[in-house]
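S.K.: Just a sequence and a predicted model for now, questions to come.
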There are 2 protein chains.
Amino acid sequence: MRATEKAYIAGFLDGDGSIHIRLKPNKSYRFGFQIAPSIVFYQSVKEINALRCIRDLLKCGYIRKRKDGIVEYILGDSKSMLYLLDIIIPYLRFKKRQAMLFREVLNRKKSIKSASDFYHLCKKIDQFQDLNYSKKRKNNSQMVKRYLVKEDLLTP
Amino acid sequence: MRATEKAYIAGFLDGDGSIHIRLKPNKSYRFGFQIAPSIVFYQSVKEINALRCIRDLLKCGYIRKRKDGIVEYILGDSKSMLYLLDIIIPYLRFKKRQAMLFREVLNRKKSIKSASDFYHLCKKIDQFQDLNYSKKRKNNSQMVKRYLVKEDLLTP
């Protein structure tokens, strides 16, 4: 891909995209929480072709129509997200710090071995959420810690 | 400006910006209508810095906070808009045709000499609006023609 194509995608994401991580209680996961990162580009339905332009460049991810007239182009698997981040980080301006922290979370997520690793990753996610101005967030590292201590997976 | 900076702005506009032309009845204008073109980038207030990034690159236009929590970065004068278009058109993907037609309108607007020139420019604007999916548009070249004929400025 050309440098100008990479920079184009960076501009598109800065203008219209979202990099986010949801931390959801889910007892089927080893440490009681699921970490769900994703990168999403949004458009109204009539502008779905703008998202197809980006998908054609990246050749991964999928497009989903919501019921409210918004279309999302979603990258949700680590491989695609790391590929995208490596391409655009040099050209991002507004979301650069978020993107770098997000990439760090993705990389650390691969090598979690203990409850302590998991808790420290959640603290990193807190930092990311702070950058992302996420005020509605209910689940954070303190919740994770309480859970891990209660389950005797972590010492207080 | 670097090619990657130009491509970045093109991506931002494709994702989040709007190129539009309003044709408004206004009897203080020679041909009874005002042609008001503008290029606007949008963000929510908390993301105003994204717009500042673009303004810092372009060094023209102004940022305006709306009452509904949206911030607009607006280019409204022909010189700034033509400067922006020349920079980004090679890198636009989704709004490229709109942008090229818009540039043609701006250039032709400068050299209007007669009611007939004005009417033909309005037909060009119709084409632009069709590309822009503008369905709410009330004023179009037919309205302009009716007015010009009624005022005896144009022969039917």
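M.R.: Done, it's in.

S.K.: and chain A, which residues reach chain B?
M.R.: Where chain A comes near chain B, counting by CB under 8 Å from any CB of the partner chain, the residues are A:3-17, A:41, A:43, A:46-47, A:49-50, A:53, A:91, A:93-95, A:133. Bear in mind the C-beta positions are built from the backbone N, C-alpha and C, glycine included.

S.K.: What about whichever residue of chain A sits closest to chain B, how many residues nearby?
M.R.: Taking CB to the nearest CB, chain B has its nearest neighbour within chain A at residue A:11, 2.9 Å off. Residues near residue A:11, counting by other CB atoms under 10 Å in any protein chain shown, number 35.

S.K.: For it, give me the pLDDT.
M.R.: In this model, residue A:11 is scored at 96, pLDDT.

S.K.: quick one: which of the residues of chain A next to chain B sit in helices?
M.R.: For the residues of chain A next to chain B, membership in helices holds for A:3-16, A:49-50, A:53, with DSSP state H as the criterion.

S.K.: Just the buried ones from those?
M.R.: The neighbour count (16 or more other CB atoms under 10 Å in any protein chain shown) marks A:4-16, A:50, A:53 as buried among these.

S.K.: Chain A: strands as residue ranges?
M.R.: In order along the chain, chain A carries the following strands (DSSP state E): A:17-25, A:33-44, A:62-65, A:70-75.

S.K.: mean pLDDT lowest for which of those strands?
M.R.: Out of the strands of chain A, strand A:17-25 stands lowest, with a mean of 92 (criterion: mean pLDDT).

S.K.: buried stuff in that one?
M.R.: A:17, A:19-21, A:23.

S.K.: Same check on stretch A:147-156?
M.R.: Residues A:147-148, A:153-154 are the ones in stretch A:147-156 that count as buried (16+ other CB under 10 Å).

S.K.: swap in stretch A:37-49?
M.R.: By neighbour count on 16+ other CB under 10 Å, the buried set for stretch A:37-49 is A:37-43, A:47.

S.K.: Now for those: which two are most distant?
M.R.: The most widely separated members of the buried residues of stretch A:37-49, counting by CB to CB, are A:37 and A:47 (25.2 Å).

S.K.: so the residue of chain A closest to chain B touches residue B:10, yeah?
M.R.: Yes: look at residue A:11 against residue B:10 with CB atoms under 8 Å: they come within range, at 6.5 Å.

S.K.: the longest helix in chain A is where?
M.R.: helix A:115-131.

S.K.: Which residues outside that one are in contact with it?
M.R.: Contacts to helix A:115-131, defined as CB atoms under 8 Å, 6 or more residues apart in numbering or on different chains, come from residues A:21, A:23, A:30-31, A:33, A:35, A:97-98, A:101-102, A:104-105, A:108-109, A:111-112, A:137, A:140-141, A:144-145, A:148, A:153-154.

S.K.: Would you mark the buried spots in it?
M.R.: For helix A:115-131, burial by neighbour count (16+ other CB under 10 Å) applies to A:115, A:118-119, A:121-122, A:124-126, A:128-129, A:131.

S.K.: Next, the angle from it to strand A:33-44.
M.R.: With axes from the mean of the first three to the mean of the last three CA atoms, to 10 degrees as the basis, helix A:115-131 and strand A:33-44 are set at 30 degrees to each other.
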